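A.B. asks: Sequence first, predicted model second:
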Amino acid sequence: MGKPSINFFTEDTNYNLKKKTILKDWLKSAIAAEGYSLQELNFILCSDEYLLRMNQDYLNHDTYTDVITFDNSEELKTIVGDIFISIERIKENAATFKHTVEHELSRVMIHGALHLLGYKDKSKAEKLKMTEKEDHYLSLLFNA
């Protein structure tokens, strides 16, 4: 087993992610705070069309979305996963919610990580709990 890693990739977009080291440290501390062990976490920043095809091919959903998370872990409390994020959705949502693109992207990154940490967002109560967790971790990133 190799060293724990968080990696960033792009597919079908030329978005230039800034502050990668800060984001990696922030995500690693969130994972540790939740009592999980990080093995490998990949963020793939992509276009709307790329993520739509993934949503259709893997989840049978014919809708645009901002994030899709794949949990590849084989052991409990261990993080091995891929999180695909549409940069176009992020930019649109940032404008809608009057956030910076960096803030919205960070929210979606922690949202995807929270799914890998066992949080769900299907019910109203689950969504509320997840949003509280997102807000908590975002406050650690942006108010540090």
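C.D. replies: Cool, the structure landed. Residues are numbered from 1 along each chain as shown.

A.B. asks: Quick one: the helices in this protein, in order.
C.D. replies: 20-33, 48-59, 87-97, 101-116, 124-142 (DSSP state H).

A.B. asks: okay, the ones you listed in CSV with distance to T13, mean neighbour count and mean pLDDT next?
C.D. replies: To be clear about C-beta, it is placed using only N, CA and C from the backbone, and glycine gets the same treatment. CSV is the format used below for the helices of the chain (distance: least, Cβ to Cβ, whole Å; neighbours: other Cβ atoms under 10 Å; pLDDT from 0 to 100):
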stretch, distance to T13, mean neighbour count, mean pLDDT
helix 20-33, 16, 16, 97
helix 48-59, 8, 15, 95
helix 87-97, 5, 16, 97
helix 101-116, 12, 22, 98
helix 124-142, 22, 14, 97
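
A.B. asks: a markdown table please, covering the ones you listed and showing distance to F70.
C.D. replies: As requested, these are exported to a markdown table (distance: least, Cβ to Cβ, whole Å):
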| stretch | distance to F70 |
| --- | --- |
| helix 20-33 | 16 |
| helix 48-59 | 8 |
| helix 87-97 | 17 |
| helix 101-116 | 9 |
| helix 124-142 | 18 |
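
A.B. asks: mind checking which of those helices is nearest S73?
C.D. replies: helix 101-116 (7.4 Å; Cβ to Cβ).

A.B. asks: got the angle between that closest one and helix 124-142?
C.D. replies: Following axes from the mean of the first three to the mean of the last three Cα atoms, to 10 degrees, one obtains 130 degrees for the angle between helix 101-116 and helix 124-142.

A.B. asks: Alright, calling it a day.
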